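# model this:
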Amino acid sequence: MSESMNTVIEARGLAKEYREGKLRTPVFKELSLRIERGEMVSIIGASGVGKSTLLHLLGGLDRPSAGEVSVVGQSMFTLSDAARGRLRNESLGFIYQFHHLLPEFTALENVMMPVMIAGQSKQKAESRARDLLVRVGLEQRLQHKPGEMSGGERQRCAVARALVNRPACVLADEPTGNLDAKTAASVLELMRELNREIGTSLVIVTHDRSLAERCDRILVLDGGGLRPLRPGD
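Residues are numbered from 1 along each chain as shown. Predicted coordinates:
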């Protein structure tokens with residue numbers, strides 16, 4: 001797969017179908033996508049068209065029925081499971097509608113975890129995690145567990161965790177979908193600010209048109225493929 005130095009994710013000829021006995025349910029086919037370094041892209045579409053499935057394929061969390069995905073020049077599905085896991089940890093961050101923080105660990109410990117998994121020292125992990133948590137406004141919540149934080153605080157903690165390894169790209173699945181409008185706007189602005197400062201690309205799956213319109217590009221998943229947003233959509 002050929003790609004420029006500035007391409008962080010590329011999907012080519014991507015297809016996915018689910019099989020149950022003789023029944024085959026296609027989600028999409030021959031889908032292509034290229035995400036450039038520092039770009040902020042939103043993907044919108046009707047419920048059930050496969051937006052979350054696409055994000056899982058781009059992140060190597062699910063295998064396509066056909067086609068390939070590369071992340072920073074490495075083909076995801078030619079790697080061993082261990083190598084794919086390392087590539088995910090080093091080059092990608094994930095944010096979900098529900099924060100998926102580990103309830104038994106503090107905010108600081110949750111954000112330290114990806115750095116520890118990458119084999120860095122506890123000291124380096126704590127330094128990076130602390131710095132990011134301060135930047136997202138959680139300096140008073142470092143030792144609080146998720147159950148002791150508000151929904152907005154938990155999601156800001158999840159944003160910090162996704163960015164702590166300075167990934168090439170963050171994949172976000174409805175990152176503000178569980179928040180009130182004011183908190184959602186705050187989290188989005190934070191993601192935008194960190195996108196500009198760190199240079200991390202963002203791919204955001206969302207139903208929220210106002211969120212989508214603040215991105216550099218809006219793509220519509222429709223009819224099994226991706227297309228740019230058209231007037232009247």
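
# alpha carbons only for contacts and neighbour counts from here, please
Noted.

# nearest residue to the middle of this protein?
Residue closest to the mean C-alpha point of the chain, counted by Cα atoms, centre = their mean, is Leu171 at 1.3 Å.

# show residues contacting the helix or strand where Val134 lies.
Following DSSP states H and E, one finds Val134 within helix 122-135. With contact meaning Cα atoms under 8 Å, 6 or more residues apart in numbering, helix 122-135 is reached by 108-109, 111-113, 115-116, 139, 142, 157, 160-161, 164.

# low-scoring stretches of the protein, by residue?
For the chain, the stretches with pLDDT under 70 are 1-5.

# mind listing the strands for the protein?
Taking DSSP state E to define them, one finds strands in the chain at 7-20, 23-36, 40-44, 66-71, 74-75, 92-96, 169-173, 201-205, 217-222, 225-228.

# ranking the ones you listed by burial, who's on top?
Highest mean neighbour count among these (mean count of other Cα atoms under 10 Å): strand 201-205, with a mean of 26.

# and the contacts of it?
Applying Cα under 8 Å, 6+ apart, the contact partners of strand 201-205 are 8, 35-44, 51-52, 55, 168-175, 195, 212.

# contacting residues for the closest residue to Gly199 other than its chain neighbours?
Distance criterion Cα to Cα, 6 or more residues apart in numbering; nearest residue to Gly199, sequence neighbours excluded, is Gly38 at 4.6 Å. By Cα under 8 Å, 6+ apart, the contact list for Gly38 reads 195-196, 199-202.

# how about Asp173?
Going by Cα under 8 Å, 6+ apart, Asp173 touches 52, 55, 95-97, 204-206.

# same thing but 7 Å
52, 95-97, 204-206 (Cα atoms under 7 Å, 6 or more residues apart in numbering).

# try Glu30
By Cα under 7 Å, 6+ apart, Glu30 lies in contact with 13-15.

# His207 too?
Residues near His207 by Cα under 7 Å, 6+ apart: Ile44.

# next, it: phi, psi?
phi -100, psi -10 (degrees, to the nearest 10).

# distance to Ser70 added to the contacts of Glu30, as a markdown table?
Compiled in a markdown table, the contacts of Glu30 are given as follows (distance: Cα to Cα, whole Å):
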| residue | distance to Ser70 |
| --- | --- |
| Gly13 | 12 |
| Leu14 | 11 |
| Ala15 | 15 |
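
# circling back to that earlier point, just the buried ones from the contacts of helix 122-135, in ChimeraX syntax?
For the buried members of these, the matching ChimeraX selection, counting by 16 or more other Cα atoms under 10 Å, is:
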select :108,109,111,112,113,115,116,142,157,160,161,164
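
# how about the contacts of helix 122-135, which pair is most distant?
Met116 and Glu139 (20.6 Å; Cα to Cα).

# contacting residues around Met112?
When the contact criterion is Cα under 7 Å, 6+ apart, the partners of Met112 are 125-126, 129.

# send the alpha carbons of the longest helix along the chain over as PDB?
With DSSP state H setting the assignment, residue counts place helix 181-198 as the longest helix in the chain. Extracted in PDB, the C-alpha atoms of helix 181-198 (Å, rounded to 0.1, in the frame of the first residue of the first chain):
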ATOM      1  CA  ALA A 181     -24.800  20.400  25.400                       C
ATOM      2  CA  LYS A 182     -22.500  22.600  27.500                       C
ATOM      3  CA  THR A 183     -20.200  19.800  28.600                       C
ATOM      4  CA  ALA A 184     -20.200  18.400  25.100                       C
ATOM      5  CA  ALA A 185     -19.000  21.700  23.700                       C
ATOM      6  CA  SER A 186     -16.300  21.900  26.300                       C
ATOM      7  CA  VAL A 187     -15.000  18.400  25.500                       C
ATOM      8  CA  LEU A 188     -15.100  19.100  21.800                       C
ATOM      9  CA  GLU A 189     -13.100  22.300  22.200                       C
ATOM     10  CA  LEU A 190     -10.600  20.500  24.300                       C
ATOM     11  CA  MET A 191     -10.100  17.800  21.600                       C
ATOM     12  CA  ARG A 192      -9.800  20.600  18.900                       C
ATOM     13  CA  GLU A 193      -7.200  22.400  21.000                       C
ATOM     14  CA  LEU A 194      -5.100  19.300  21.600                       C
ATOM     15  CA  ASN A 195      -5.500  18.400  17.900                       C
ATOM     16  CA  ARG A 196      -3.900  21.700  17.000                       C
ATOM     17  CA  GLU A 197      -1.200  21.600  19.700                       C
ATOM     18  CA  ILE A 198      -0.100  18.000  19.500                       C
END
